[in-house]
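How does the following fold in three dimensions:
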Amino acid sequence: MRFVCCLIIIVFISCRSSVKDPSAVESSKSENITFDSLQAKSWGADEYGMKTYVLVFLKRGPNRSQDSTTRTELQAAHLANITRLANEGKLVLAGPMMTDEEIRGIYIFDVRTVKEAETLTETDPAVKAGTLIMEMHPWYGSASLKEIPKLHKRGAKIGF
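Numbers count the residues shown, from 1 in each chain. Below you'll find the model as predicted:
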């Protein structure tokens, strides 16, 4: 439940954008909301401000018997891969679950198809080692999610 609340807050915050071209702005009188057509276009938003992503559940894989040194190295390589995908603009959201259950974390990829997401997850050292497997679903969400990696950098004192 905490995760859902955090995701809603992140989406709300990421939807607030600065206006770059006043001529591209339309105001909604009923809600005082500003529409920025240039921003929406840059995000690939449809008329609802939404777009297709691929939501990935990272789950426990079959090969979880590594020693502590190997696990530490795999985790560091996994985090480096996450950072690379985010820097390339392919991964807009990632994070671990805060429980010790089958689902270990999530990704949201800025790609249109599950096949594209599969290709990206195959670069993950934890997937290659079999410590994680991926369950993928097409997902329709706010196009403004693309702003999360940039916003995250503003709030992260320490990187991965």
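
Quick one: residues in contact with the longest helix along the chain.
Ranked by residue count, the top helix of the chain under DSSP state H comes out as helix 68-87. Contact with helix 68-87 is made by 66, 91-92, 94, 107, 109, 120, 123-126, 129, 131-132, 149, 159-160, as judged by CB atoms under 8 Å, 6 or more residues apart in numbering. In short, each C-beta sits where N, CA and C put it, glycine included.

what comes up buried for that helix?
74, 78, 81-82, 85-86 (16 or more other CB atoms under 10 Å).

which residues does Leu58 contact?
Each residue near Leu58 by CB under 8 Å, 6+ apart is listed here: 103-107, 132-134.

Please produce a PyMOL select command covering the buried subset of these.
Filtering the contacts of Leu58 down to the buried ones (16+ other CB under 10 Å) takes a single PyMOL command:
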select buried, resi 104+105+106+107+132+133+134
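
rewinding a little: which helices and strands does the helix or strand that comes right after the longest helix of the chain pack with?
Next along the chain after helix 68-87, taking DSSP states H and E as the criterion, comes strand 91-96. Judged by 3 or more CB pairs under 8 Å, 6 or more residues apart in numbering; DSSP states H and E, strand 91-96 is in contact with helix 68-87, strand 103-109, helix 148-155.

Touching the helix or strand following the shortest one from outside, list them.
Think strand 103-109. The C-terminal neighbour of strand 103-109 among helices and strands, as given by DSSP H and E, is helix 114-121. Where contact means CB under 8 Å, 6+ apart, the residues beyond helix 114-121 that reach it are 54, 56, 85, 90-91, 107, 109, 111, 127, 134, 136-138.

Any of those residues buried? List them.
Neighbour counting with 16+ other CB under 10 Å marks 54, 56, 85, 90-91, 107, 109, 111, 127, 134, 136 as buried within these.

sorry, back to before: can you put the helices and strands packed on strand 91-96 in a markdown table and add distance to Asp36 and mean pLDDT?
Shown next, in a markdown table, are these (distance: least, CB to CB, whole Å; pLDDT from 0 to 100):
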| stretch | distance to Asp36 | mean pLDDT |
| --- | --- | --- |
| helix 68-87 | 24 | 93 |
| strand 103-109 | 22 | 96 |
| helix 148-155 | 16 | 87 |
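
and Trp43, which of these is closest to it?
helix 148-155 (11.5 Å; CB to CB).
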